[in-house]
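Engineer: after the sequence you'll find the predicted model.
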Amino acid sequence: MEKKQREFLDNLLETASPSGFEHPAQRVWVEYVSSFADTVETDAYGNAIATVEGGDTTVAITGHSDEIGFIVRDIDDNGFVNLGRIGGSDRTVSRGQHVTIHTDDGPVSGVIGQTAIHLRDGDNDGVSDIAEQHVDIGAESGEEAAELVERGDPITFTQTVTELENERIAARGLDNRIGIWVAAEALRRAAEQNPDVTVCAVSTVQEEVGLRGARMVGFDLAPDVAIATDVTHATDGPDTPGTAQTGVELGSGPTVARGSTNHPRVVEAVRTVADNEEIAIQIEATGNRTGTDADAFYTARGGIPSLNVGVPNRYMHTPVEVIDLGDLDATASLLGAFAAQAAAYEYSVSL
C-alpha cells in the first residue's frame with residue numbers, strides 16, 4: 001500500500017465516528033476524494049457521494065463510515081457516567097477499557113470500571129449489561145461531571161492502530177472505516193481508467209443502527225448497480241464455533257457473497273473481473289441477508305442489482321479487530337477494475 005493511501009486509512013481509523021456522530025470521519029473522507037472526483041455531495045444527515053462522470057450507467061461502490069460505541073445515558077450523584085449502547089456494542093469486552101467521551105468542548109478521558117477480582121463474588125462472575133456499567137472520569141460529584149460531559153455525548157474506546165506481523169493491523173472501527181477507504185480507493189483507481197460508466201463512491205451513515213443512511217442514498221441516487229463493502233467474519237481463529245465456520249480466512253482475499261441480497265449477474269460479473277485481473281477472492285454464503293448496506297440498496301426503488309463484498313476481519317465489534325492489508329488493497333483493486341469495466345456486463349435476469 002502506498003504511503004498516501006496508508007495515511008488516509010490511518011486518519012480514518014484515528015477519527016471517532018459512532019453512529020449519529022459521523023461528521024468528523026466524513027470530513028476526512030470528503031477531503032481525500034475531492035482531489036480526484038468530479039463532484040462531491042453530502043445530504044442532511046451526512047451521507048457523502050463522490051462522483052466520476054462517465055456514461056449513462058451508474059455504478060455505486062459503498063461503505064459505511066459509522067462505528068459502534070456508547071452514549072452518555074445519565075450522570076449519577078457521585079459523578080459516574082451511565083452508559084447506553086450505540087449499535088451492537090459487546091458487553092463482554094467493555095469493562096476495564098479506556099474510553100473517550102466526545103463533547104462539544106473537546107474529548108474527556110475515562111475508564112469503564114471493573115470491580116477488582118479480589119472483591120468480586122466468585123460464584124457470581126457474570127458480565128453486566130452495558131446499562132449497568134459506568135465510566136469513571138475522575139469527577140467527585142454529579143455537578144462536577146455535568147460540567148464536563150452531557151447526556152447524549154458519544155463514547156468510543158481509546159484505541160490506536162497497532163501493527164501486527166505479516167502486514168496485518170489491529171484497531172477499533174475497522175468495521176467499517178475500511179469500507180469507505182475501499183470506496184474512495186476504488187473510485188480513484190477506476191477514474192485512472194477513464195470508465196465508460198458514471199462511478200459513485202458512497203460513504204453512508206448509521207449502518208450500525210439499521211442501514212439508515214443506505215436507505216436514504218439508495219432512494220435518491222438510484223444507481224444501476226450497487227456494491228457494498230464491509231467487513232466479514234474471518235472464521236479461521238481458534239475460538240470460532242464449528243457451526244459458525246464459513247471457510248473465510250484472513251489473507252486469502254476479499255469475499256464475494258452469494259444468496260439472498262446478492263444479484264446473480266453482479267456476482268458473476270465481479271467473479272469474472274477477479275479472474276481477468278488475477279485477484280484472489282473467497283466465496284461466502286448469505287442465505288437470508290448480508291447484514292450490510294447491500295440489504296438496503298437492493299430493495300430501494302424498484303430493486304437495485306446489488307452485491308456485498310467483504311474484507312475478512314477477526315474479532316468484529318471489539319477494540320482489537322484485525323484485518324490483512326493485502327485483503328484490503330485487493331478489494332479496492334477488484335472494485336476499481338469492476339467499476340471501470342461495468343458497462344461490459346448485463347445485470348438483468350432473463351426468465
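Structural biologist: Looks like it arrived, so ask away. Numbers count the residues shown, from 1 in each chain.
Engineer: what ranges do the helices span in the chain?
Structural biologist: Here the chain has its helices, by DSSP state H, at 3-13, 23-33, 142-146, 174-191, 212-221, 264-277, 294-297, 325-341.
Engineer: let me have those helices in CSV, extended by mean pLDDT, distance to residue 88 and mean neighbour count.
Structural biologist: No exception for glycine: its C-beta is placed from N, CA and C like everyone else's. Formatted as CSV, the helices of the chain follow (pLDDT from 0 to 100; distance: least, C-beta to C-beta, whole Å; neighbours: other C-beta atoms under 10 Å):
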stretch, mean pLDDT, distance to residue 88, mean neighbour count
helix 3-13, 97, 19, 17
helix 23-33, 98, 18, 20
helix 142-146, 98, 27, 16
helix 174-191, 97, 10, 27
helix 212-221, 95, 15, 22
helix 264-277, 97, 27, 17
helix 294-297, 96, 15, 28
helix 325-341, 97, 22, 24
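Engineer: out of the ones you listed, which gets nearest to residue 229?
Structural biologist: helix 174-191 (4.3 Å; C-beta to C-beta).
Engineer: the chain - how does it break down into domains?
Structural biologist: Listed domain ranges for the chain are 3-67+172-344, 69-157 (source: automatic domain parsing).
Engineer: quick check: which of these is buried the most?
Structural biologist: Of those, the one with the most neighbours on average (mean count of other C-beta atoms under 10 Å) is domain 3-67+172-344, at a mean of 21.
Engineer: low-confidence ranges in the stretch 51-200 of the chain?
Structural biologist: Residue ranges of the stretch 51-200 of the chain with pLDDT under 70: 122-124.
Engineer: 90 - rerun?
Structural biologist: 115-128, 159-160 (pLDDT under 90).
Engineer: same check on the stretch 201-350 of the chain?
Structural biologist: Scanning the stretch 201-350 of the chain for pLDDT under 90 picks out 239-240, 242-244, 301-302, 346-350.
Engineer: all strands of it, in order?
Structural biologist: Secondary structure of the stretch 201-350 of the chain by DSSP state E, counting those that start in this stretch: the strands cover 225-233, 255-258, 282-285, 306-313, 321-324.
Engineer: and of these, who's closest to residue 138?
Structural biologist: When the strands of the stretch 201-350 of the chain are compared by C-beta to C-beta, strand 321-324 sits nearest residue 138, at 28.5 Å.
Engineer: with only the CA atoms kept, save the closest one in CSV.
Structural biologist: The C-alpha coordinates for strand 321-324 follow below in CSV (Å, rounded to 0.1, in the frame of the first residue of the first chain):
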residue,chain,number,x,y,z
GLU,A,321,-10.4,-6.0,15.2
VAL,A,322,-7.8,-7.5,12.9
ILE,A,323,-7.5,-7.3,9.1
ASP,A,324,-4.9,-8.1,6.5
